[in-house]
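S.K.: just a sequence and a predicted model for now, questions to come.
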Amino acid sequence: MKHKSVSQMDLVREAFHYQSRFDGSTMVFKIDFPVTEDPLFPYLMKDLALLAKTGFRVVIVPGAKEWIDSVLGEYGIKSRYAGSTRITSAEAIPFTAMAAFHTAARFMTGLSAGAVDAVIGNLVRARGLGVVEGVDMEHTGKVDKILTDSIRRILDLGMVPILPCIGYSPSGKPYNVPSDEIALEASVALGAVKLFVVSVHQGLRGGSYKIPENIELDNRGRIIRLTPQEAEAVLELNPPGREPDKPLTELRLALSASRSGVERVHLIDGREEGAVLRELFSNLGAGTMVYADEYEAIRSLKTEDIPDILRLMEPLMQQGILVRRDAEAIQEKKADYVVFEIDGSIHACAALHDRGEGQGEIAAVATDPAYTDRGLGGRMVRFLIDRAIKQGFHRVFVLTIHTHDWFESLGFKECSVESLPPSRRKNYDQCRNSKIFALDLR
């Protein structure tokens, strides 16, 4: 019960952290049409309404491809394609626009149920693609301009702008514009800190695609996060086939957005209840994130981090796994400590103490229990080994009563008390009877 309570409190802390960090920020949500037909769609809309009411500036770009297909089919209009791009004829454009605005109305209805006002408008200027490789694309267009001033005025009123996949020329001519392109251009033009791509598939999973060895997966095989370079590597390992692959198409969109300056792009399954909130308000998230800024790093301890690392160490100190330390003791040796920071929160710590004679002691290794499957402890130890080498140490050692198997897996070998440098041997606690493991760095 106690562990569950601590876990819940950590989630609350994370939520407040992200709330304060992104309050007032613009976020664009590109949501595929099939999501609107899922039983959990009303809950997704409640979540977006909640975000809009709590200070986030929400912009929605609905995908409408499947509904456009249905409407055109109902009226006996056959769709033609140039590659993967729909050729929208003069006959088809009125029905395409009708389907696009009908889809947008579903989002307005959902937001209204959450007591949030929305505006569906002609907020995208477009121009025709013209003739491409000898094919007249007719009423298929591309984004010419996002009307950012109008969108910002809507956002300033606490309302949600909804951008259908129809853009208009200055003379009022309608064009069918891909919703992916609108979402990308709107994110860049509005300076959005996040672009969410919400669809109805399980996303990028290691078992379904070829991925580089260093890519991080969760216990379900989901790719948790990718740098732009890693995203490019995944795409290179999985070239386009004859049929479009939705997760890879979304990854290409995410990569384009990241390279265009959008800090973070999140690919999530809209059929999972609360997926948007979990992706936004927790470090582990619910989908795959492509991030352009530095998301996690090992860095030196700051004084203001001491309460956080004491919180991490306290359960281990209570169990006797770690020697008890207080804030004063940590402050005294502050330069020896490093922390693993994930998006502004501390989730692991460790220390490297100089014990003389070219030997360093690795100590105070503690990680957040929620992150045990991510190998943070191993990363911390490897980082300190590299630091020890740079500082000219020829040997590092640890004293442990419970984790000797783990240190052996990292290459440490058991040794005797007599092998410790005199300063540490003098303070060895016979009652604790710790095992000693060392790693030769020469």
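M.R.: Yep, that arrived.
S.K.: show me what contacts L155?
M.R.: Applying C-beta atoms under 8 Å, 6 or more residues apart in numbering, we find L155 in contact with T26, R57, V59, P161. The C-beta positions use only the backbone N, C-alpha and C, and glycine is treated the same way.
S.K.: between these, which is nearest D440?
M.R.: Nearest to D440, judged by C-beta to C-beta, of the contacts of L155 is T26 at 53.6 Å.
S.K.: give me the low-pLDDT residue ranges for the stretch 301-442 of the chain?
M.R.: 343, 373-374 (pLDDT under 70).
S.K.: SS state for A97?
M.R.: Of the three states, A97 takes helix under DSSP: H, G, I helix; E, B strand; the rest coil.
S.K.: now do it against R271, distance only.
M.R.: When C-beta to C-beta, to the nearest Å is the yardstick, A97 and R271 sit 28 Å from each other.
S.K.: how about K30?
M.R.: If you go by C-beta to C-beta, the gap between K30 and R271 works out to 16 Å.
S.K.: which one of those two has more residues nearby?
M.R.: The residue with more neighbours, out of K30 and R271, is K30; 26 against 18, by other C-beta atoms under 10 Å.
S.K.: not counting its neighbours along the chain, what's nearest the more buried one?
M.R.: Spatially, and ignoring its direct neighbours in sequence, K30 is nearest to A183 (3.6 Å; C-beta to C-beta, 6 or more residues apart in numbering).
S.K.: the one you found touches V28, doesn't it?
M.R.: Yes: judged on C-beta atoms under 8 Å, A183 makes contact with V28 at a distance of 5.7 Å.
S.K.: the spatially most central residue of the chain: what secondary structure?
M.R.: The chain has M289 as the residue nearest its centroid, 3.3 Å off, counting by C-alpha atoms, centre = their mean. With three-state DSSP as the basis, M289 sits in strand.
S.K.: hmm, it is touching R225, no?
M.R.: Yes: contact criterion C-beta under 8 Å: M289 and R225 qualify, at 4.5 Å.
S.K.: distance between the ends of stretch 235-243?
M.R.: For stretch 235-243, the first-to-last residue distance is 15 Å (C-alpha to C-alpha, to the nearest Å).
S.K.: find residues that contact each of A183 and V28.
M.R.: Common neighbours of A183 and V28 (C-beta under 8 Å, 6+ apart) are V61, L195.
S.K.: can you tell me, leaving aside adjacent residues, what's nearest to Y81?
M.R.: Y81's closest residue in space is I87 (C-beta to C-beta, 6+ apart), at 6.5 Å.
S.K.: so the one you found bridges to which residues?
M.R.: Taking DSSP bridges, one obtains R80 as the residues bridged to I87.
S.K.: which residues touch it?
M.R.: I87 neighbours (C-beta under 8 Å, 6+ apart): S79, R80, Y81, V135, D136, M137, E138, T140.
S.K.: recalculate using a threshold of 7 Å.
M.R.: R80, Y81, V135, M137, E138, T140 (C-beta atoms under 7 Å, 6 or more residues apart in numbering).
S.K.: tally of neighbours for the last one?
M.R.: Yep, that's T140 we're talking about. Neighbours of T140 under the rule other C-beta under 10 Å: 26.
S.K.: could you list every residue that touches it?
M.R.: T140 is in contact with T85, R86, I87, T88, L129, Y175, N176, counting by C-beta under 7 Å, 6+ apart.
S.K.: so what's it closest to, chain neighbours aside?
M.R.: In this structure, T140 finds its nearest non-sequential neighbour in T88, 4.6 Å apart by C-beta to C-beta, 6+ apart.
S.K.: the one you found and S70, how far apart?
M.R.: 15 Å.
S.K.: the more surrounded of the two?
M.R.: Each of T88 and S70 had its neighbours counted (other C-beta under 10 Å), and the higher figure belongs to T88 (28 against 12).
S.K.: so what's that one scoring on pLDDT?
M.R.: On the pLDDT scale, T88 is placed at 96.
S.K.: check contacts around it.
M.R.: Neighbouring residues of T88 by C-beta under 7 Å, 6+ apart: T96, E138, H139, T140, N176.
S.K.: also E185?
M.R.: Contacts of E185 (C-beta under 7 Å, 6+ apart): V143, I146.
S.K.: buried stuff in the regular element (helix or strand) spanning it?
M.R.: Assigned by DSSP states H and E, E185 belongs to helix 179-189. Within helix 179-189, the residues that count as buried by 16 or more other C-beta atoms under 10 Å are S179, D180, E181, I182, A183, L184, E185, A186, S187, V188, A189.
S.K.: right, and the helix or strand after it?
M.R.: Where DSSP H and E defines the elements, the next helix or strand beyond helix 179-189 is strand 194-199.
S.K.: CA atoms only: put that next one into CSV for me.
M.R.: Below are the C-alpha coordinates for strand 194-199, written out as CSV (Å, rounded to 0.1, in the frame of the first residue of the first chain):
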residue,chain,number,x,y,z
LYS,A,194,4.2,19.9,-29.2
LEU,A,195,2.5,18.2,-32.1
PHE,A,196,0.4,15.2,-31.3
VAL,A,197,-0.4,12.7,-34.0
VAL,A,198,-3.4,10.6,-32.9
SER,A,199,-4.4,7.5,-34.8
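S.K.: and the angle from that strand to helix 179-189?
M.R.: Going by axes from the mean of the first three to the mean of the last three C-alpha atoms, to 10 degrees, strand 194-199 is angled at 170 degrees with respect to helix 179-189.
S.K.: which other residues reach strand 194-199?
M.R.: The contact list for strand 194-199, computed with C-beta under 7 Å, 6+ apart, reads 27-32, 35, 183, 187, 246, 250, 253-254, 257, 262-270, 276.
S.K.: give me the buried subset of those.
M.R.: 27-32, 35, 183, 187, 250, 253-254, 257, 262-270, 276.
S.K.: so which residues of the stretch 301-442 of the chain form strands?
M.R.: 337-342, 345-354, 359-367, 395-400, 413-415, 435-440 (DSSP state E, counting those that start in this stretch).
S.K.: tell me which strands and helices the first one is in contact with?
M.R.: If you count contacts as 3 or more C-beta pairs under 7 Å, 6 or more residues apart in numbering; DSSP states H and E, strand 337-342 packs onto strand 296-300, strand 345-354, helix 376-390.
S.K.: ok, the second one: who's next to it in the sheet?
M.R.: Okay, so that is strand 345-354. Here strand 345-354 has these sheet partners by DSSP bridges: strand 337-342 (antiparallel), strand 359-367 (antiparallel).
S.K.: between those, which gets nearest to V323?
M.R.: It is, among these and with distance given as C-beta to C-beta, strand 359-367, at 7.8 Å.
S.K.: and the angle for the closest one with strand 395-400?
M.R.: With the same axes, to 10 degrees as the basis, strand 359-367 and strand 395-400 are set at 50 degrees to each other.
S.K.: in CSV, list the C-alpha atoms belonging to strand 359-367.
M.R.: Backbone C-alpha positions of strand 359-367 (Å, rounded to 0.1, in the frame of the first residue of the first chain) are rendered in CSV as follows:
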residue,chain,number,x,y,z
GLN,A,359,41.1,4.6,-6.3
GLY,A,360,37.5,5.8,-6.4
GLU,A,361,34.5,4.4,-4.6
ILE,A,362,31.1,4.3,-6.4
ALA,A,363,28.4,4.8,-3.8
ALA,A,364,24.8,6.0,-3.2
VAL,A,365,23.4,4.4,-6.4
ALA,A,366,19.6,4.8,-6.3
THR,A,367,17.0,4.8,-9.0
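S.K.: please consider this matter closed, and thank you.
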